[in-house]
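return atomic coordinates for the entry below.
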Amino acid sequence: MEKLSVPTLAREEMLDLTAALRDAVRSHGWNDGILTVFSPHTTCGLTVNEGFDPDVPRDMLAFFKSRIPQDWGFRHAEGNSDAHIKASLMGSSVQLIVEGGEIQLGTWQAVWFLEADGPRRRQLWLKWIGA
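A predicted model of the protein is given here:
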């Protein structure tokens, strides 16, 4: 298992991880197989979505904030229940097909990391299964 460090700068943000994951695949010489990317954090999520238009991640964050506000009156003592819900809706992992040493994504797709309780230094776990 490999680990990828992800520093975040705001309480809520979405970071495009596509280039970092492509670099990891190339640097390890992974050719054909499946790359699983997993977040071991209960207030972070992962997804594959549009990577071309910067309004897409902004819209996603705005939607989450409007539907799941931090000050809704949750009972969880840490004050970050909204972050747990957002991360659960997003999911904690993605699986990516790698062929010919390249991550296979659609024309407009990117791999996104959701930080919902930052800023922090996060880690993602990368597990390679070669074909």
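
in the longest helix seen in the chain, what's buried?
As assigned by DSSP state H, the longest helix anywhere in the chain is helix 55-67. Applying a neighbour-count criterion of 16 or more other CB atoms under 10 Å, one finds 56, 57, 60, 61, 64 buried in helix 55-67. The way it works is simple: take the backbone N, C-alpha and C, and place the C-beta from them, glycine included.

tabulate these (a markdown table), appending pLDDT and distance to residue 12.
Converted to a markdown table, the buried residues of helix 55-67 look like this (pLDDT from 0 to 100; distance: CB to CB, whole Å):
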| residue | pLDDT | distance to residue 12 |
| --- | --- | --- |
| 56 | 96 | 15 |
| 57 | 96 | 11 |
| 60 | 97 | 10 |
| 61 | 97 | 6 |
| 64 | 97 | 7 |
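
can I get the residues you listed in a markdown table with distance to residue 29?
Listed next are the buried residues of helix 55-67 as a markdown table, based on distance: CB to CB, whole Å:
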| residue | distance to residue 29 |
| --- | --- |
| 56 | 32 |
| 57 | 31 |
| 60 | 34 |
| 61 | 35 |
| 64 | 37 |
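
from those residues, which is closest to residue 16?
Checking the buried residues of helix 55-67 against residue 16 with CB to CB, the nearest one is residue 57 at 7.7 Å.

ok, and the closest non-adjacent residue to the closest one?
Once flanking residues are discounted, residue 57 sits nearest to residue 14: 3.9 Å by CB to CB, 6 or more residues apart in numbering.

how about the strands in this structure?
Secondary structure of the chain by DSSP state E: the strands cover 2-7, 13-16, 33-38, 44-50, 93-99, 102-103, 109-115, 121-130.

comparing these, which comes out most buried?
Highest mean neighbour count of the strands of the chain: strand 109-115, a mean of 23 (counted as mean count of other CB atoms under 10 Å).
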